[in-house]
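# Sequence and predicted model, in that order:
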Amino acid sequence: MRRRRNQEEDAGIDLTPMLDVVFIMLIFFIVTTSFVKESGLDVNRPSASTAKKKERASILVGIAQNGEIWIQKRRVDIRSVRANIERLHAESPEGTVVIQADKLSETGVLVQVMDQVRLAGVESISVAASPGVGE
């Protein structure tokens, strides 16, 4: 009787090693996933023959045709650009700021945004452009 009971207990499959492997794979996929950051605005960028792809752009600022400024899918006022950039730059200090200005937007808004970004302590600023022949 005692032997039969011990055999029945040992007949079950231990799932602990399988769960360990699944959790390790889950952690691996979470760590290696890259997230795409967006400004939250579709911009018709100007073309430039010298445009280069910029790696490690961690902060995206969008400027719409009508002068609206977007950061992280939120419309922001020009007075709050500096505070938003300071916060985002503190989260990832090695990243750069890329300004995606619509080609029909006013240059004055672009200059104001660049000034606010510099006042926030970021020196590495790029303006996004589409590769191709300048118009």
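Arrived safely, thanks for sending.
# Could you use CA atoms for every contact and neighbour count after this?
OK.
# Centre of the chain to the helix ranked longest in the chain, how far?
Secondary structure of the chain read by DSSP state H shows that its longest helix is helix 16-32. Helix 16-32 sits 25 Å away from the centroid of its parent chain (C-alpha atoms, centre = their mean, to the nearest Å).
# what's the average pLDDT for it?
Helix 16-32 shows a mean pLDDT of 89.
# For the chain, just list every one of the helices.
2-10, 16-32, 81-91, 107-119.
# Can you list the buried residues in the third one?
Buried positions in helix 81-91, judged by neighbour count with 16 or more other C-alpha atoms under 10 Å: 81, 82, 84, 85, 86, 88, 89.
# What's the separation between the fifth one and residue 28?
Going back to what we said before, that points to residue 86. Distance, residue 86 to residue 28, using C-alpha to C-alpha, to the nearest Å: 31 Å.
# Redo the buried residues of helix 81-91 as a markdown table? Include distance to residue 113.
Formatted as a markdown table, those follow (distance: C-alpha to C-alpha, whole Å):
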| residue | distance to residue 113 |
| --- | --- |
| 81 | 7 |
| 82 | 8 |
| 84 | 12 |
| 85 | 10 |
| 86 | 13 |
| 88 | 15 |
| 89 | 15 |
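# Show me which of those residues is closest to residue 112.
Proximity of those to residue 112 (C-alpha to C-alpha) peaks at residue 81, which lies at 9.6 Å.
# How about the closest one: what's its closest non-neighbour residue?
Excluding the flanking residues, the one nearest residue 81 by C-alpha to C-alpha, 6 or more residues apart in numbering is residue 116, at 6.3 Å.
# Please name whichever of the helices of the chain is nearest to residue 74.
Nearest of the helices of the chain (C-alpha to C-alpha): helix 81-91, 10.6 Å.
# Just the CA coordinates for that closest one, please, in CSV.
Extracted C-alpha coordinates of helix 81-91, given in CSV (Å, rounded to 0.1, in the frame of the first residue of the first chain):
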residue,chain,number,x,y,z
VAL,A,81,8.7,73.3,-24.0
ARG,A,82,11.7,73.9,-21.7
ALA,A,83,10.2,72.1,-18.7
ASN,A,84,9.2,69.1,-20.9
ILE,A,85,12.6,68.8,-22.5
GLU,A,86,14.4,69.1,-19.1
ARG,A,87,12.2,66.2,-17.8
LEU,A,88,12.8,64.0,-20.8
HIS,A,89,16.5,64.8,-20.9
ALA,A,90,16.9,63.8,-17.3
GLU,A,91,15.3,60.4,-18.1
